[in-house]
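Sequence first, then the predicted structure:
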Amino acid sequence: MSPTGVFEKRARFPYNEHSMALEDKLKHLRRERQARTRARSVESAWEKLGEEAGLSVKQKLERLIALTDKGRGMAARTPERPAAARRREPVQVFENAYQLGASYGRIPIAMGLQIPPSILGFLSRERAFEGLDLSSALFLDLETTGLSGGAGTVPFLVGLAHYQDERFKVVQFFLDEMGEEAELIRQLDGFVRDMGFRSLVTYNGKAYDLPLVETRFALHRTSCPLRDLPHFDFLFSARSLWKHKHENCTLSTWPSRSSRPGGPRTSRGGRSRSAISNTSGTGISRSSSPSSTTTRKTFSRSSGWS
């Protein structure tokens, strides 16, 4: 563009600080005029409402808003619908069933059913296990509000697992409302008694899980149905079998090494959950399940014998 063209364009569209300041002033004046007009409209509407008898202050304010609501006048305002009363269940139950061909690492779940009663009796040091196998056993694990135990510690997630109908089933009882623990105790009591389990399997359950469950049942004046079952706490056997090989026998140490989990990693977990997530056709994903820890621990206990 030639210099002449530039000068002609500036002449047609003059730009300076004085013109911009004038535009801002005009905008400000327009806003003030609109505010005064709206104020007069509100004042006039309020005076008219004052002439109507029998209206409370709240009703007058509601009518005033309707009258001055961007020109919609006396159009009926849509009443706010009350929120739907969708009260969540105080105790939520999640069920997962795994085929016996599924594996934890390289150990199939079905291997738990192949352990002879004599081995169970030897490892558990309880003669009652010499006539039992794991087909009628209940696997128990807790997630609690603390680790100190006592009356102040509440199990908010109770994981129960057992063999049934050619499946290994994991049932999780999730306490959604702490004030509804009595309902959790009632459902646990009914489930255990209806299933008729003949033994109990835990990991450190003799020192922690079972005493805590018994305490919660006692606080709600309910007899604990697990109290008299033969109890196989695999922690003691794990220490006897692997304490010379590993620095400790926690569930994060020995199952991953003894069962040599393999396969691809999952997007959210490690190898210890890969087999479970890949083979469960009806399983609950980690995002929708209250906890995947119970499932992982239960599989560790059921398949840890080699």
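Done, it's in. Numbers count the residues shown, from 1 in each chain.

For Val170, grab phi and psi.
Geometry field for Val170 lists phi and psi as phi -120, psi 120, criterion degrees, to the nearest 10.

so it makes contact with Val93?
No: using Cβ atoms under 8 Å, Val170 is not in contact with Val93; the gap is 11.2 Å. Every residue, glycine included, has its C-beta placed from N, CA and C.

any low-confidence regions in the protein?
Scanning the chain for pLDDT under 70 picks out the ranges 1-20, 68-87, 149, 244-306.

Just the strands from it, written as ranges.
91-99, 103-104, 107-108, 137-144, 155-164, 167-175, 199-202, 231-233 (DSSP state E).

can you put the ones you listed in CSV and add distance to Ala128 and mean neighbour count?
Shown next, in CSV, are the strands of the chain (distance: least, Cβ to Cβ, whole Å; neighbours: other Cβ atoms under 10 Å):
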stretch, distance to Ala128, mean neighbour count
strand 91-99, 27, 17
strand 103-104, 26, 25
strand 107-108, 25, 20
strand 137-144, 12, 23
strand 155-164, 18, 21
strand 167-175, 23, 21
strand 199-202, 7, 24
strand 231-233, 9, 23
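
List just the one of those strands that sits closest to Ser44.
Of all these, strand 91-99 sits nearest to Ser44, with 56.8 Å by Cβ to Cβ.

How is the chain divided into domains?
3-67, 91-303 (automatic domain parsing).

Would you tell me which one of those domains is buried the most?
domain 91-303 (a mean of 17; mean count of other Cβ atoms under 10 Å).

mind checking how far the closest residue to Pro90 other than its chain neighbours is from Arg216?
Leaving aside its sequence neighbours, Pro90 sits nearest to Glu180 (Cβ to Cβ, 6 or more residues apart in numbering; 3.3 Å). For Glu180, the distance to Arg216 equals 13 Å [Cβ to Cβ, to the nearest Å].

now swap in Pro90 and tell me
The value you get for Pro90 to Arg216, if Cβ to Cβ is used, is 15 Å.

how far away is Leu235 from Ser41?
In terms of Cβ to Cβ, Leu235 sits 78 Å off from Ser41.

Now for Pro116: which residues touch it?
Pro116 is in contact with Asp133, counting by Cβ atoms under 8 Å, 6 or more residues apart in numbering.

Show the backbone phi and psi for it.
According to degrees, to the nearest 10, Pro116 has phi -70, psi 150.

where along the stretch 101-250 of the chain do the helices fall?
117-124, 181-195, 210-219, 234-242 (DSSP state H, counting those that start in this stretch).

Relative to Leu142, which of those is closest?
Per Cβ to Cβ, nearest to Leu142 of the helices of the stretch 101-250 of the chain: helix 210-219, 6.5 Å.

elements contacting that closest one?
strand 137-144, strand 155-164, helix 181-195 (3 or more Cβ pairs under 8 Å, 6 or more residues apart in numbering; DSSP states H and E).
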